[in-house]
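Peer 1: Sharing a sequence plus its predicted fold:
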Amino acid sequence: MSASSDMVLAARSEGTTPSRVARASPRILAAYGGGRKIESAHHERLRGHREDGNGRTVGSARPWYAGGVFDPDLIAPERPRRLTRAQYDAIVAAGLFNDQRVELLEGVIVSMSPNDPAHASPVQLLTQVLVPPLAGRAAVRVQLPIVAADESEPEPDVAVVPLADYAREHPASALLIIEVADSSIRKDRLVKAPLYAKSGFREYWLINVRTRTVDVHRGPSLDGWASVTRHSVGETLHPEAFPDLAVQIGEILR
């Protein structure tokens, strides 16, 4: 089966139309067909690029949120106004989002998926596994804000961050970020993965509750992740920052 066919099948399994995948870079998870190595270069966000016959990207790039509320092309040359992180923090402090789960991604306020049992259980189990062995070595934050690149303030399901006093500022670095994904799989893979790499977070685990797999991202840079490998139930993961810590996938995805 060709790589493009693999991408189409993957798109259908996750509710993404093949046409949307076709607009993304063909490097996005090119090995969806079952290989151990998922991505050797980097993830790219889902954008409206098109390529010429020589493989070069041409035309104007559209942001990942294009079409979500409206198409920015419809108001060109004007552009939507993104929030700064400081403005977002002021809005949150004013109580405008009480009882709402939202996060800031590249200046855009994005609602978060509800915590149904399929999502909440792995988060709880991860907390039980990570907190005791990391006590005194790192802080484990659950669904709390972290400062990221591009005017972003996401709230990952789990963030292992250096020990520090975060009473006045959210952490801006992370040793390990973990997202548990069900309905949010596309956002966590195509938006958050490159954002976390650009932010310099050391390692990113994307737990897919539907496929019962974990994609381990390592080697962050402005261009994305140096490597992404997929792991399944029956395997044991060791965070790069804490190689003595063993996390059995079967203990997280029951």
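Peer 2: Yep, that arrived.
Peer 1: chain center to stretch 150-168, what's the gap?
Peer 2: Centre-to-centre, stretch 150-168 and its host chain are 14 Å apart (CA atoms, centre = their mean, to the nearest Å).
Peer 1: One more: stretch 222-234?
Peer 2: Put simply, stretch 222-234 sits 12 Å off its chain's centre (CA atoms, centre = their mean).
Peer 1: And stretch 156-170, by the same measure?
Peer 2: 18 Å.
Peer 1: try stretch 189-198
Peer 2: Distance, stretch centre to chain centre, for stretch 189-198: 5 Å (CA atoms, centre = their mean).
Peer 1: Pull up the distance across it, start to finish.
Peer 2: Start and end residues of stretch 189-198 are separated by 14 Å (CA to CA, to the nearest Å).
Peer 1: Report the rounded mean pLDDT for it.
Peer 2: Stretch 189-198 shows a mean pLDDT of 97.
Peer 1: Would you confirm that residue 180 contacts residue 156?
Peer 2: No: Residue 180 is not in contact with residue 156 according to CB atoms under 8 Å; the separation is 9.3 Å. The way it works is simple: take the backbone N, C-alpha and C, and place the C-beta from them, glycine included.
Peer 1: where do the helices sit along the stretch 1-150 of the chain?
Peer 2: Secondary structure of the stretch 1-150 of the chain (DSSP state H, counting those that start in this stretch): helices located at 3-13, 18-23, 85-93, 117-134.
Peer 1: what packs against the third one?
Peer 2: Helix 85-93 is packed against no helix or strand, with contacts defined by 3 or more CB pairs under 8 Å, 6 or more residues apart in numbering; DSSP states H and E.
Peer 1: which residues are contacting that helix?
Peer 2: Residues outside helix 85-93 that contact it (CB atoms under 8 Å, 6 or more residues apart in numbering) are 83, 97, 104, 109, 147, 151, 152, 153.
Peer 1: could you flag which of the residues you listed are buried?
Peer 2: Neighbour-count burial (16 or more other CB atoms under 10 Å) applied to those gives 83, 104, 109, 147, 151, 152, 153.
Peer 1: okay, these in JSON lines with pLDDT and distance to residue 194 next?
Peer 2: Below are the buried ones among the contacts of helix 85-93 laid out as JSON lines (pLDDT from 0 to 100; distance: CB to CB, whole Å):
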{"residue": "83", "pLDDT": "95", "distance to residue 194": "20"}
{"residue": "104", "pLDDT": "97", "distance to residue 194": "16"}
{"residue": "109", "pLDDT": "94", "distance to residue 194": "19"}
{"residue": "147", "pLDDT": "98", "distance to residue 194": "16"}
{"residue": "151", "pLDDT": "96", "distance to residue 194": "15"}
{"residue": "152", "pLDDT": "97", "distance to residue 194": "11"}
{"residue": "153", "pLDDT": "98", "distance to residue 194": "16"}
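Peer 1: can you name the two of those that are farthest apart?
Peer 2: Using CB to CB, the buried ones among the contacts of helix 85-93 span at most 16.0 Å, a distance reached by 109 and 147.
Peer 1: Residue 121 versus residue 223, what's the distance?
Peer 2: Residue 223 is 35 Å from residue 121, where distance means CB to CB, to the nearest Å.
Peer 1: quick one, which of those two is more surrounded?
Peer 2: In this comparison of residue 223 against residue 121, neighbours counted by other CB atoms under 10 Å, the higher total goes to residue 121 at 16 against 13.
Peer 1: Who are the contact partners of the more buried one?
Peer 2: residue 254.
Peer 1: What of residue 208?
Peer 2: Per CB under 8 Å, 6+ apart, neighbours of residue 208: 181, 185, 214, 215.
Peer 1: three-state assignment of the third one?
Peer 2: Using DSSP: H, G, I helix; E, B strand; the rest coil, the structure places residue 214 in strand.
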